[in-house]
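Colleague: predicted model, plus sequence, below.
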Amino acid sequence: MAIKDAILAEFVHEAVGTRKTLERVPEGRNDFRPHPKSMTMGRLAGHLAELPRWVSVTLELDQYDINPPGQPKGPSNEMTTSAALLATFDGHLEKAKALIAATGDEEFKKPWTFLNGGQTVFTLPRIAVLRSFVMSHTIHHRAQLGVYLRMNDVPVPSIYGPSGDEAF
């Protein structure tokens, strides 16, 4: 089996649960945060919606600096409306799926470097970046958002099995 077939199946499977979670984010509660150190719900939802973009960053570039020296920090994505949130997610998702499907095994094995302010944070094979930095990162923030939903009395979707609100 080609690497792209295995990773694409997992990526799409996880995207279904992520979209179900994003669909539940209530408008008008963007400023909610469970703790002062936590992201707001609007920022967390926006971040989760933009994470599929990291597939293109990983597969189209050899390295990426999240805070390039001497440049202003880029804008962060924050939910404005549910429709815009889902459109952002869906757009990045479609491009990501196409890129994964078009990538050969040798490309997945090539190293990719993540930098912050010109300093190397890590260098890993692209496939490891997709699995950890993209998918595990998505799963992590999707779970956080599920807690935010619960704290706002919004039904939490079933992802890997039943939730307290939904059968599997």
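Modeller: Received, thanks.

Colleague: report all helices and strands that the one helix or strand residue 113 maps to contacts.
Modeller: With elements delineated by DSSP states H and E, residue 113 resides in strand 111-116, which encompasses its position. Contacts defined by 3 or more C-beta pairs under 8 Å, 6 or more residues apart in numbering; DSSP states H and E place strand 111-116 against strand 63-65, strand 119-125. Backbone N, C-alpha and C define where each C-beta goes, glycine included.

Colleague: for the following helix or strand past the longest one, what is the distance to the chain centroid?
Modeller: Okay, so that is strand 119-125. Toward the C-terminal end, the helix or strand that comes next after strand 119-125 (DSSP H and E) is helix 126-128. For helix 126-128, the gap between its own C-alpha mean and the chain's C-alpha mean amounts to 15 Å (C-alpha atoms, centre = their mean, to the nearest Å).

Colleague: tell me what helix 126-128 is packed against?
Modeller: Packed against helix 126-128 by the contact rule (3+ C-beta pairs under 8 Å, 6+ apart) you find helix 105-109.

Colleague: what lies in contact with the helix it packs on?
Modeller: Defining contact as C-beta atoms under 8 Å, 6 or more residues apart in numbering, one finds that helix 105-109 is touched by 2-4, 7, 59, 125-127, 130.

Colleague: next one: stretch 3-12
Modeller: 55, 96-97, 100-105, 108, 127, 130-131, 134-135.
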